[in-house]
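> okay, here's the prediction I keep looking at, along with the sequence it came from:
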Amino acid sequence: MSMNVAAAVDATIAYQDPLQPEASDHLSPTSSSTPTPNVRTATQSMATKYNQEALQLAVKLAREALEAGDSPFASVLVAGDGTTILQSDRNRIVTGLPGDGRPDATLHPELTLARWANLHLGPEERAASTVYTTGEHCAMCSAAHAYCGLGRIVYICSGSMYAAWQEEAGLPRGRVRTLGIRDVAPGVEVEGPVEEYVETMRAIHTEYWKRRENK
Ligand SMILES: [Zn+2]
């Protein structure tokens, strides 16, 4: 019996051998895919710390804002289990609320999410949640976040990064001083920047400024 198995194994090896050169020929262009496991490991290690899906959704919605003509910022509210996406929104200062369409300079996604959470979640759910956001909260949104008793914030770019990019692009200073979340809401747990997405977000903002210049 064991001889048969051994023979079968031998036969399999003997059968596969002639295919190997061809198989490796096929694989050679994808041999660049050899680092894939490393990429996956990096993604996984980041995902254990941060909700990857939420970060990617935030970037996607920021792009959507850019395409719509709004400032490219977006936020995603994740439940205390760390995985459930409860709500998400993007900046709507130019195009206004869906179905309304009136510009509103306070329609920052972080403020919209804080107000949504206040209306739809209990205090414990709010405190256990995490807001993933493409850019650090402004003073208005930091205050709203704290007033609504929301939990941790994870931002991709810091407010000071954004201000430096604006300055480099020759843009005038904003009407509201750049304050860190911790300066406005010292009790809120804050993490960021998330380096893996910083350059992507910078490119999106740069594109937005370029489009505005050409208008
Ligand atoms: Zn804001």
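Looks like it arrived, so ask away.
> so who does the residue nearest the centre of the chain touch?
Among the residues of the chain, the one closest to the centroid is Leu55, at 2.1 Å (Cα atoms, centre = their mean). Taking Cβ atoms under 8 Å, 6 or more residues apart in numbering, we find Leu55 in contact with 76, 132, 154, 156, 194, 197. Where C-beta positions appear, they are placed from N, C-alpha and C, glycine not excepted.
> if we use 10 Å, what do you get?
When contacts are counted by Cβ atoms under 10 Å, 6 or more residues apart in numbering, Leu55 touches 46-47, 76, 132-134, 154, 156, 194, 196-197.
> one more: Ala143?
111, 114, 137, 179, 181, 184-185.
> one more pass at 6 Å, please.
Shown in contact with Ala143 (Cβ atoms under 6 Å, 6 or more residues apart in numbering): Val184.
> now do the same for it: helix, strand or coil?
helix (DSSP: H, G, I helix; E, B strand; the rest coil).
> how about Met201?
Classified using three-state DSSP, Met201 is helix.
> let me know the pLDDT of it.
If you check Met201, the pLDDT there is 98.
> Pro123 now?
Turning to Pro123, the model gives it a pLDDT of 98.
> I'd say Ala79 and Leu86 touch.
Yes. Counting by Cβ atoms under 6 Å, Ala79 touches Leu86, with 5.3 Å between them.
> doesn't the residue nearest to the centre of the chain lie inside a helix?
Yes. Counting by three-state DSSP, Leu55 is part of a helix.
> and the gap between it and the ion?
In this view, Leu55 and the ion are 18 Å apart by Cβ to the ion, to the nearest Å.
> if we can go back for a sec, between Ala79 and Leu86, which contacts overlap?
Going by Cβ under 6 Å, 6+ apart, no residue sits against Ala79 while also sitting against Leu86.
> now the contacts of Leu55 in a markdown table, with distance to Leu61?
A markdown table is the format used below for the contacts of Leu55 (distance: Cβ to Cβ, whole Å):
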| residue | distance to Leu61 |
| --- | --- |
| Met46 | 19 |
| Ala47 | 19 |
| Val76 | 8 |
| Tyr132 | 11 |
| Thr133 | 10 |
| Thr134 | 8 |
| Val154 | 15 |
| Ile156 | 12 |
| Val194 | 15 |
| Glu196 | 17 |
| Tyr197 | 13 |
